[in-house]
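Engineer: All I have is the shape, not the residue letters:
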């Protein structure tokens, strides 16, 4: 029988955590058949390589590939997935028991719903709850407030082209994906429950996204989606990045001037070629 849902777990040097992730999936198994696809994204850590080999010997499906980044690893796992629903799950996070069944029930019974997401519990170096809130596209354009750990129809991944593997910095490719889904008019459903536990680590990928990385991503998204990110959002991140350089800049300053200052800094740091879309 074909699985109803495919859980895609990219793994890069997270061998010490992935067994906890798999144990949580086993606890969450319900009436719907599921498959687990682990994508070893070129791990170099000996412990991780050993753990993944042992996991494969236990019967889990492991794809071994050269390091291609998180977006590439997710895409490669989803591409071969047999389930009609997809759950991307980070290799250090934990899925809560009711989430899978409830999300599938919603997608099975409400055909107008395409994506189901919910709240998270922090653990590791931070505790407490992450209450996400209802879907709002204007909020989503300001910040990525919906985690990748959402259950969605595989068809939307096929129709949108999946995760963008050309993002300037990995760690926010899910933000691009949610924006793309929104522009395709796919419907989000907020499940107001704790659906997964989010491990907070000092060296996590999202913590390595600095202000200049975020500015790169904002410019990239604006070029890709025809200036979808607001002037105010760009200014706020520019202020944080430039701080002393533009401490006297007030809200009346033109976006053109700020972009010129910031672009020169980014070009210097990343040696970008000037894009025709950004010239004055």
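Structural biologist: Nice, I can see it. What you are looking at is a predicted structure, and each value in this text was computed from that prediction instead of being measured.
Engineer: use CA for all of it now, contacts and neighbours both
Structural biologist: Fine.
Engineer: what's the burial count for residue 135?
Structural biologist: Residue 135 has 15 neighbouring residues, counting by other CA atoms under 10 Å.
Engineer: Is it in a helix, a strand, or coil?
Structural biologist: Put simply, residue 135 is coil when judged by DSSP: H, G, I helix; E, B strand; the rest coil.
Engineer: quick one, phi/psi of it?
Structural biologist: Main-chain dihedrals, residue 135, degrees, to the nearest 10: phi -70, psi 130.
Engineer: what sits against it?
Structural biologist: Applying CA atoms under 8 Å, 6 or more residues apart in numbering to residue 135 gives the contacts 188, 189, 190.
Engineer: let's see 7 Å
Structural biologist: Contact analysis of residue 135 by CA atoms under 7 Å, 6 or more residues apart in numbering lists 188, 190.
Engineer: Tell me the pLDDT of it.
Structural biologist: We have a pLDDT of 98 for residue 135.
Engineer: Check which helices and strands the longest strand seen in the chain is in contact with.
Structural biologist: Ranked by residue count, the top strand of the chain under DSSP state E comes out as strand 188-200. With contacts defined as 3 or more CA pairs under 7 Å, 6 or more residues apart in numbering; DSSP states H and E, strand 188-200 has these neighbours: strand 94-95, strand 115-124.
Engineer: and those strands, which is most packed in?
Structural biologist: Counting by mean count of other CA atoms under 10 Å, strand 94-95 has the highest mean neighbour count of the helices and strands packed on strand 188-200, with a mean of 26.
Engineer: starting at the chain centroid, how far to whichever helix or strand comes after it?
Structural biologist: Using DSSP states H and E, the helix or strand that follows strand 94-95 in sequence is helix 99-109. Distance of helix 99-109 from the chain centroid (CA atoms, centre = their mean, to the nearest Å) equals 21 Å.
Engineer: Low-confidence regions, the stretch 51-200 of the chain specifically.
Structural biologist: Across the stretch 51-200 of the chain, nothing is flagged by pLDDT under 70.
Engineer: hang on, residue 40 packs against residue 68?
Structural biologist: No - using CA atoms under 7 Å, residue 40 is not in contact with residue 68, being 10.1 Å away.
Engineer: Between those two, which is the more surrounded one?
Structural biologist: Counted by other CA under 10 Å, residue 40 and residue 68 do not tie: residue 40 has more neighbours, with 25 against 13.
Engineer: before we move on, the earlier item: as CSV, the helices and strands packed on strand 188-200 with distance to residue 86 would be great.
Structural biologist: Formatted as CSV, these follow (distance: least, CA to CA, whole Å):
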stretch, distance to residue 86
strand 94-95, 13
strand 115-124, 10
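Engineer: Could you pull up phi and psi at residue 90?
Structural biologist: Dihedral pair for residue 90: phi -70, psi 150, per degrees, to the nearest 10.
Engineer: Now do the helices in the stretch 101-250 of the chain.
Structural biologist: 137-142, 154-160, 173-183, 211-224, 231-242 (DSSP state H, counting those that start in this stretch).
Engineer: List the buried residues in stretch 129-138.
Structural biologist: Neighbour counts over stretch 129-138 (16 or more other CA atoms under 10 Å) mark residue 132 as buried.
Engineer: and what of stretch 45-55?
Structural biologist: Neighbour-count burial for stretch 45-55 flags 48, 49, 51, 52, 55 (criterion: 16+ other CA under 10 Å).
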